[in-house]
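Q: Sequence and computational prediction follow.
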Amino acid sequence: MTLLSILFILAGLFFAFVAGIGAIRLPDFYCRSHAIGVVDTLGTLVLILGVMFQFGISIITAKLAFILIFIYLANPTITHVLMRAALRSGLEPWTKKVRS
Amino acid sequence: MRRRHDSIIVQKISKLLIPFIQLFALYVFFHGHHSPGGGFQAGVLIGASFILMFLVGMKKETQHFSVRREFLIAVLGLGIFLGIGAVSLFFGGELFDYSKIPFLGEVAPYRRYFGILIAEGGVLLVVSMTLVVITHVLAFLPVDREGETC
């Protein structure tokens, strides 16, 4: 049980790290939002799953499950709203072009 | 003018999440005595859920909100907070001394418990409705005054 928990927490840390790199290194707003909305959600879910394995069946696991469901619903929705607002206010998506 | 948000994802997810946000606000409110939380934080959560309703544009759920009513409810909350404090003046205590109020319980700790709970209910009304009033006035009121009913 503890080994499984450590495995999940390490995977979550890896995904969160990748999301951080993506948020810093990707070229424009849409790519960065994509990194946050997809990879960071997965990283947080796996991390919370690992912490749930740490506690076994108890009230803390139930609370963590509610947090997990909330993040799973809210984080992609917020990314969706931000992207729509950016597109509507006229932010051009990045295309690979050579700057003169 | 309050329009519906034109993304169906945002509508459905907001509709799904708002009752749970308000339920969690009540949880925070009733745990104010023996864990972090209380009237102020629960009021912020309730006000945020109402603001989310306004932003998403749920017409049916927000049709009874007007600045006048929200302001009246905020004043009612302030009245509850000060009134339950002033009741103890009639029973020989000082202001906000809940342990002197006889109808709240048998012994002093229970009286203090329920007195603080009622006062925090007043704080909850004040904080949540003040947030909603600020959002309503800043974001929706000028257009409401021209055409739609406020």
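A: Nice, thanks for sending it over.
Q: Could you look up the SS state of B:Lys59?
A: Three-state assignment for B:Lys59 (DSSP: H, G, I helix; E, B strand; the rest coil): coil.
Q: I'd say it and B:Met53 touch.
A: No. If you go by CB atoms under 8 Å, B:Lys59 and B:Met53 don't touch, sitting 9.9 Å apart. Every residue, glycine included, has its C-beta placed from N, CA and C.
Q: the more surrounded of those two?
A: A direct count of neighbours by other CB atoms under 10 Å in any protein chain shown for B:Lys59 and B:Met53 places B:Met53 higher, at 19 against 10.
Q: separation between the more buried one and B:His64?
A: To B:His64, B:Met53 is 12 Å away according to CB to CB, to the nearest Å.
Q: Now residue 20: which helix or strand?
A: Using chain A. Using DSSP states H and E, A:Gly20 maps to helix A:2-25.
Q: To clarify, I was referring to chain B.
A: Using DSSP H and E, B:Phe20 sits within helix B:8-30.
Q: Please tell me how far the helix or strand just after that helix is from the chain's geometric centre.
A: Once helix B:8-30 ends, the next helix or strand along the chain (criterion: DSSP H and E) is helix B:39-56. Chain-centre distance of helix B:39-56: 8 Å, with CA atoms, centre = their mean, to the nearest Å.
Q: do stretch A:83-96 as well
A: Put simply, stretch A:83-96 sits 21 Å off its chain's centre (CA atoms, centre = their mean).
Q: low pLDDT regions in chain A?
A: For chain A, applying pLDDT under 70 flags the ranges A:98-100.
Q: if you skip the residues just before and after it, what's nearest to B:Ile51?
A: B:Thr135 (5.0 Å; CB to CB, 6 or more residues apart in numbering or on different chains).
Q: Tell me how many other residues surround the one you found.
A: Here the count is done by other CB under 10 Å, and B:Thr135 has 18 residues near it.
Q: What does it show for phi and psi?
A: Main-chain dihedrals, B:Thr135, degrees, to the nearest 10: phi -60, psi -40.
Q: Burial check on the residue of chain B found nearest chain A, number of neighbours?
A: In chain B, the residue that lies nearest chain A is B:Ile13 (4.6 Å; CB to the nearest CB). By the criterion of other CB under 10 Å, B:Ile13 has 19 neighbours.
Q: In contact with the nearest residue to it once chain neighbours are set aside, which residues?
A: Among residues not flanking B:Ile13 along the chain, A:Thr77 sits closest, at 4.6 Å (CB to CB, 6+ apart). By CB atoms under 8 Å, 6 or more residues apart in numbering or on different chains, A:Thr77 lies in contact with B:Ile9, B:Val10, B:Ile13.
Q: tell me which residues in stretch B:22-33 are buried?
A: Within stretch B:22-33, the residues that count as buried by 16 or more other CB atoms under 10 Å in any protein chain shown are B:Gln22, B:Phe24, B:Ala25, B:Val28, B:Phe29, B:Gly32.
Q: Might you enumerate the residues of chain B proximal to chain A?
A: Proximity of chain B to chain A (CB under 8 Å from any CB of the partner chain) is limited to residues B:Ser7, B:Ile9, B:Val10, B:Ile13, B:Leu16, B:Leu17, B:Phe20.
Q: Turn the residues you listed into TSV, including pLDDT.
A: Below are the residues of chain B next to chain A laid out as TSV (pLDDT from 0 to 100):
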residue	pLDDT
B:Ser7	84
B:Ile9	90
B:Val10	90
B:Ile13	91
B:Leu16	92
B:Leu17	92
B:Phe20	92
